[in-house]
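**Student:** Kindly return the folded structure for what I paste below:
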Amino acid sequence: MVLALLTRIDHVGIACRDLDRAVAMYQATFGLEVASLEVNEAQGVREAMMQVGAGPAGVGALGVGYVQLLEPLSPDTPVGRFLARRGEGLHHVGYGVSDIGQALATVAGTGVRLVDERPRHGSMGASIAFLHPADLGGVLTEFVQSLP
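**Tutor:** Predicted coordinates for the structure are as follows:
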């Protein structure tokens, strides 16, 4: 029997060309508010985490999920290349895990390729790691471990 590694859907990542326009659209259409606005140089993005659900904001808050809007800092970043190939839209799905190291080891043992062998710094201080989309039905998958 396989133990469930995923604790929740943490966020969906949406690639966009104009972050400010996308934020305004999600606010006007769905009434979402910005929980976090960051520039992540290492990942080459400017991003907004738009809170979905009631409750206190924060990575891993119960009952809270996010729409992560991602604008590339340049065309030669992963999100920039994604936009050039596919245009705006769903980029990845982030799932919460309680122990990201264990989750990576477990998934690697199934033969799924890891984009990240070790966790790295992600949005709002979380530890994150990506799994290869070719091994998961074409879906770029992210593990997210919340701050304690």
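**Student:** from what I can see G53 touches V67, true?
**Tutor:** No - assessed by C-beta atoms under 8 Å, G53 is found out of contact with V67, at 10.9 Å. Yep, even glycine has a C-beta here, placed from its N, CA and C like the rest.
**Student:** Strands of the protein, start to end?
**Tutor:** Applying DSSP state E to the chain gives strands spanning 6-15, 33-40, 45-52, 65-72, 89-97, 120-121, 127-131, 141-145.
**Student:** Kindly reformat the ones you listed as JSON lines containing distance to A22.
**Tutor:** Output for the strands of the chain, formatted as JSON lines (distance: least, C-beta to C-beta, whole Å):
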{"stretch": "strand 6-15", "distance to A22": "7"}
{"stretch": "strand 33-40", "distance to A22": "11"}
{"stretch": "strand 45-52", "distance to A22": "8"}
{"stretch": "strand 65-72", "distance to A22": "5"}
{"stretch": "strand 89-97", "distance to A22": "11"}
{"stretch": "strand 120-121", "distance to A22": "23"}
{"stretch": "strand 127-131", "distance to A22": "21"}
{"stretch": "strand 141-145", "distance to A22": "19"}
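**Student:** so which of those gets nearest V112?
**Tutor:** V112 lies closest, by C-beta to C-beta, to one member of these: strand 127-131, at 5.7 Å.
**Student:** Tell me which residues are up against the closest one.
**Tutor:** For strand 127-131, the surrounding residues in contact (C-beta atoms under 8 Å, 6 or more residues apart in numbering) are 92, 94, 100, 103-104, 107, 112-116, 118-122, 140-145.
**Student:** try 6 Å this time
**Tutor:** Contact partners of strand 127-131, identified using C-beta atoms under 6 Å, 6 or more residues apart in numbering, comprise 100, 104, 112, 115-116, 119, 122, 141-145.
**Student:** Turn these into TSV, columns for pLDDT, neighbour count and distance to C16.
**Tutor:** Formatted as TSV, those follow (pLDDT from 0 to 100; neighbours: other C-beta atoms under 10 Å; distance: C-beta to C-beta, whole Å):
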residue	pLDDT	neighbour count	distance to C16
I100	96	23	27
L104	96	21	28
V112	96	15	28
V115	97	13	21
D116	96	16	23
P119	96	18	26
G122	92	25	18
T141	97	20	20
E142	97	25	17
F143	97	27	23
V144	96	27	20
Q145	94	23	26
